[in-house]
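J.: Fold the stuff below for me.
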Amino acid sequence: MPTITIAQLNYASLQVNRYLSVALLIFGVIGNLLSCLVFIRRALRSNPCVMYFLIASIANIISLISGIPPRMLSNWNIYPDQTETISALCKSRIFVLLTARNIASWLLVFAAFDRYLVSSRNANIRRMSNTKQGRYWIIAVCIISLSFWAESLYCFDANVIGTPLKCYAKSESCRIYNDLTQSFITTIIPSSIMFILGLFTINNIRQTRQVRPSTIGGTPIRRKSKTYCFDANVIGTPLKCYAKSESCRIYNDLTQSFITTIIPSSIMFILGLFTINNIRQTRQVRPSTIGGTPIRRKSKTDSSLTKMLLLQVILLTVFNLPQAIQKFYLTYTFYHIKPAFQVALENFLFSIVLLLTYIPNCISFYLYILAGDLFRTTLFQIIQTFIRRLKCSLN
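T.: Predicted coordinates:
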């Protein structure tokens, strides 16, 4: 294969990393900040599902800031990516990034479970949805995610040779483990659970003839991990800051695939189906009030939140599965002798797939605008209030 073709692939990879990363960072951070402004409004923050969305938006901001700027600045030759050469920075960046992503994914799972509870015709089940339980589950998800991804402090290292990034899982075992974990824990299992819960929700809605007032709650998670996988100056990997041993790479590949992608997406997908089922079973909404809040209004709020959630679940699955598949491929072919063109092509595809994983963290705000009437209305109220205050201050 001509050298110019390899050079073109490398150039294309650089341009994709430069421009797409800038767009993702700008639109993602601004969008999530605006989402936070909407979700902290007094009219919404008493809803457990909104609590999950709020913390997930904060986690999205953390994942974007920890994941994109180092490589973006390096690609624009503004500042070298220190995470590729300094082990401590490599490990800490990966730890923060994977933990934040895991929190965002699993909070959507709990939001889906909350939608299922709210759509149930059983008053006792609906009462399980409440802000107190929601706070407990948020704290539990954060603690478990921090503990689970502590293994990245061992498995990842800088200066790893032969991998798409220099900051990467340092061993085959770490790579395999992280591939499987990210695929199942973050994508497949959450999506599956969401799908099942969605079916249950549809069934609930069909059986429900009257919608009674409800509140919300959540479900647990579990798991633990190890300590110390990443390091700087790892040789033979795409990044110098990479998992430093074969076992670390396998472990991290499995963990990232299952914990961050497959399992959360599967659960969210299943929960989404249950929620849809509950909604379809609901045929009548009696105009009454609970604590001064019209039930019809609460039903509209719940319906809006459900649509917002389902769109997020679909996007999380679609944009995270390609990385899970490619990481499995890279781990499987790690010791294969590859021609220069194949290496360049794999690096190009890796750059695209890696950036795709940030899209679910970036566009939730824009999905909320499209699918959530309640979100749109609240956002416009915030904008109008800001404009009025600005005019008053200028006058």
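
J.: Only C-alpha atoms from now on, for both contacts and neighbour counts.
T.: Will do.

J.: State whether residue 164 and residue 347 are indeed in contact, as I suppose.
T.: Yes: look at residue 164 against residue 347 with Cα atoms under 8 Å: they come within range, at 5.7 Å.

J.: quick one: which of those two has more around it?
T.: In this view residue 164 and residue 347 are compared by other Cα atoms under 10 Å, and residue 164 has more residues nearby, 23 against 19.

J.: I'd assumed that one was in a strand, is it?
T.: No: looking at residue 164 with DSSP: H, G, I helix; E, B strand; the rest coil, it is coil, so not inside a strand.

J.: Look up phi and psi at it.
T.: Main-chain torsions, residue 164, degrees, to the nearest 10: phi -60, psi -30.

J.: where's it relative to residue 316, distance?
T.: 22 Å (Cα to Cα, to the nearest Å).

J.: any chance you could map the strands in the stretch 51-200 of the chain?
T.: Counting by DSSP state E, counting those that start in this stretch, the stretch 51-200 of the chain has strands at residues 156-159, 168-169.

J.: Return the list of helices and strands in contact with the first one.
T.: Meaning strand 156-159. Under the contact criterion of 3 or more Cα pairs under 8 Å, 6 or more residues apart in numbering; DSSP states H and E, strand 156-159 touches helix 87-119, strand 168-169, strand 230-231, strand 240-243, helix 246-255.

J.: export these to CSV and tack on distance to residue 305 and mean neighbour count?
T.: Formatted as CSV, the entries for these read as follows, by distance: least, Cα to Cα, whole Å; neighbours: other Cα atoms under 10 Å:
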stretch, distance to residue 305, mean neighbour count
helix 87-119, 8, 29
strand 168-169, 37, 42
strand 230-231, 39, 38
strand 240-243, 39, 40
helix 246-255, 30, 30
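
J.: Of the ones you listed, which is nearest residue 371?
T.: Nearest of these to residue 371, taken as Cα to Cα: helix 87-119 at 15.5 Å.

J.: Show the average pLDDT along that closest one.
T.: Per-residue pLDDT over helix 87-119 has a mean of 89.

J.: Start the count at 26 instead of 1 going forward.
T.: Yep, numbering from 26; the last one is helix 112-144 now.

J.: for it, the distance to its chain's centre please.
T.: Relative to its chain's centre, helix 112-144 lies at 6 Å (Cα atoms, centre = their mean, to the nearest Å).

J.: Next: stretch 412-420.
T.: Counting by Cα atoms, centre = their mean, stretch 412-420 comes out at 37 Å from the chain centroid.

J.: go on, stretch 64-82?
T.: That offset, for stretch 64-82, works out to 17 Å (Cα atoms, centre = their mean).

J.: do stretch 376-390 as well
T.: That offset, for stretch 376-390, works out to 9 Å (Cα atoms, centre = their mean).

J.: Identify the residues contacting it?
T.: Identification of contacts with stretch 376-390 by Cα atoms under 8 Å, 6 or more residues apart in numbering yields 38, 41-42, 45-46, 49-50, 52-54, 56-57, 59-60, 82, 85-86, 88-89, 337, 340-341, 344-345, 347-348.

J.: again, only this time at 7 Å
T.: With contacts defined as Cα atoms under 7 Å, 6 or more residues apart in numbering, stretch 376-390 is touched by 38, 42, 46, 49, 52-53, 56-57, 60, 85, 337, 340-341, 344-345, 347-348.

J.: so of the residues you listed, which ones are in helices?
T.: With helices defined by DSSP state H, the entries of the contacts of stretch 376-390 inside them are 38, 42, 46, 49, 52-53, 56-57, 60, 85, 337, 340-341, 344-345, 347-348.

J.: how near is residue 347 to residue 60?
T.: In terms of Cα to Cα, residue 347 sits 27 Å off from residue 60.

J.: go on, residue 376?
T.: Separation of residue 376 from residue 60 (Cα to Cα): 28 Å.

J.: Comparing those two, which residue is more hemmed in?
T.: residue 60 (23 against 19).

J.: count of residues packed around the nearest residue to that one once chain neighbours are set aside?
T.: Leaving aside its chain neighbours, residue 60 sits nearest to residue 390 (5.8 Å; criterion: Cα to Cα, 6 or more residues apart in numbering). Residue 390 sits with 26 neighbouring residues when counted by other Cα under 10 Å.

J.: element containing residue 390?
T.: Residue 390 belongs to helix 389-396 when elements are defined using DSSP states H and E.

J.: in the helix or strand just after that helix, what's buried?
T.: Later in the chain than helix 389-396, the nearest helix or strand by DSSP H and E is helix 398-419. For helix 398-419, the neighbour count (16 or more other Cα atoms under 10 Å) marks 398-401, 403-404, 407 as buried.

J.: which residues does residue 170 contact?
T.: Residue 170 sits next to 124, 127-128 when contact means Cα under 7 Å, 6+ apart.
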